[in-house]
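# turn this into a structure:
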Amino acid sequence: MFTVKILLYAGNSCISSPLVFITLGKIYLNLLPGQSAGNFSFSTKATAKTNNTSNSYTNLPLISEHVSKHKSNLTDTDFGYFLAGLIEGDGWFGKKELHIIFAESDISLAYLIKKRIGHGNVYKIKNKKAVRYICKNAKGLFIILSLINGKLVSKPKYEQLIKHNYSADFNYTILPPSNSFTLDNYWLAGFSQADGCFHISLVKSKTHKTGYSVRLEFSLKQNDAVPLKLLYNTVKMGNLSQYSSGIWCYKSSGFKTAALLINYFDTYNLFAGKYVNYLKFRKVYIMITNGRHLENKGITKIKSIATKGSSETSTQEV
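Numbers count the residues shown, from 1 in each chain. Next comes the predicted model:
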């Protein structure tokens, strides 16, 4: 079996213009050593097996072709859940300071957060296609604490707050992590904004008339297993595994999981490039429910949707 895997990575933004969103869209290609970005990756190794992967498109949940209005002016509660998920994905607390890493294309989201908090600065990370939001201002840190307090899911960021005496320094009772999460708030959106990837995979197949099988994959990678286990136990679909490096990975390529995620992200939206890639993921899902992935013209269109954009660095590498 030969595989062509198109990994969609992108950033965040508060910009609502569709044209700007399109220009911010970024794509990653899974490349073999020595290959350059922008080429399809052909591998003689089959992709890893994943539970609930199905080529069946009948009886799938139907979704509207019309996307819900993108929301950028979130309430304090919604923004708090988003920020908590974002920090648990790509942030860390030091002694009276918070750092959050963003892909370079996500710089507008970094500035949106700076504006929303009213404090902090955004810096380009040298030799990396990434930027960093840093807040060392006491008032800003207090605002951040008040927004995310009680909304953290797992221990690492909570333990950083305890280690650096935030409770005493800010005279603030820091609530322990919930060790749980639901699909009715922005936490998963923030966490996915940091560490989530939407993949459109075209796998060469002798059993398909077009010569390709189409898969929609969603994955999250983290050192902390707790959020991924909670996601796995909540959706009850996909695979959870740990690499030899110690990093945990949740992945699903099932169409039913894709439908569940689309229902979630239509309500609790992502931003900028990551939002663009979600829209591509969503569009291909609609094509699948119409059976267009079984037509040559459909495969050509799916390739076009998936490859429109350019490669960008992952914040996992920073």
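
# return the set of buried residues in stretch 174-187.
By neighbour count with 16 or more other C-beta atoms under 10 Å, stretch 174-187 contains the buried residues Pro177, Ser178, Phe181, Asn185, Tyr186, Trp187. (Each C-beta comes from the backbone N, C-alpha and C, glycine too.)

# what is the least confident helix or strand in this structure?
Using mean pLDDT, DSSP states H and E, strand 42-43 stands out as the lowest-scoring helix or strand of the chain, at a mean of 30.

# C-terminal to it, what's the next element?
The first helix or strand that comes after strand 42-43 along the chain, using DSSP states H and E, is helix 76-90.

# chain center to the helix or strand containing Tyr278, what's the gap?
Using DSSP H and E, the element containing Tyr278 is helix 272-289. Mean-position distance between helix 272-289 and its chain equals 13 Å (C-alpha atoms, centre = their mean, to the nearest Å).

# could you number the chain from 19 rather than 1 from now on?
Sounds good: first residue 19 from here, last item helix 290-307.

# all strands for the stretch 69-218 of the chain, in order.
With strands called from DSSP state E, counting those that start in this stretch, the stretch 69-218 of the chain shows them at 109-112, 115-121, 139-142, 148-153, 214-222.

# want to throw the ones you listed into JSON lines with distance to Tyr75?
Output for the strands of the stretch 69-218 of the chain, formatted as JSON lines (distance: least, C-beta to C-beta, whole Å):
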{"stretch": "strand 109-112", "distance to Tyr75": "39"}
{"stretch": "strand 115-121", "distance to Tyr75": "32"}
{"stretch": "strand 139-142", "distance to Tyr75": "43"}
{"stretch": "strand 148-153", "distance to Tyr75": "38"}
{"stretch": "strand 214-222", "distance to Tyr75": "15"}
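
# ok, which of these comes nearest Ala290?
strand 115-121 (9.0 Å; C-beta to C-beta).

# and Ser259, how many neighbours?
As a burial measure, Ser259 scores 12 neighbours (other C-beta atoms under 10 Å).

# do a quick rundown of the helices in the stretch 169-318 of the chain.
173-181, 184-187, 205-213, 243-253, 273-285, 290-307, 314-325 (DSSP state H, counting those that start in this stretch).

# what pairs with the residue nearest to the spatial centre of the chain across the strands?
Per C-alpha atoms, centre = their mean, the C-alpha nearest to the average position across the chain is that of Gly214, at 2.5 Å. Beta-bridge partners recorded for Gly214 (DSSP bridges): Leu238.

# now stretch 231-245, how far from the centre of its chain.
Taking mean C-alpha positions (C-alpha atoms, centre = their mean), stretch 231-245 and its chain are 9 Å apart.

# I should have written stretch 242-249 there, sorry.
So, by C-alpha atoms, centre = their mean, the centroid of stretch 242-249 is 14 Å from its chain's centroid.

# so what touches it?
Residues outside stretch 242-249 that contact it (C-beta atoms under 8 Å, 6 or more residues apart in numbering): 106, 171-174, 197-199, 206, 209, 238, 240, 258, 260, 266-268.

# show me the contacts for Lys114.
By C-beta under 8 Å, 6+ apart, Lys114 lies in contact with Lys154, Ala156, Leu159, His182, Asp187.
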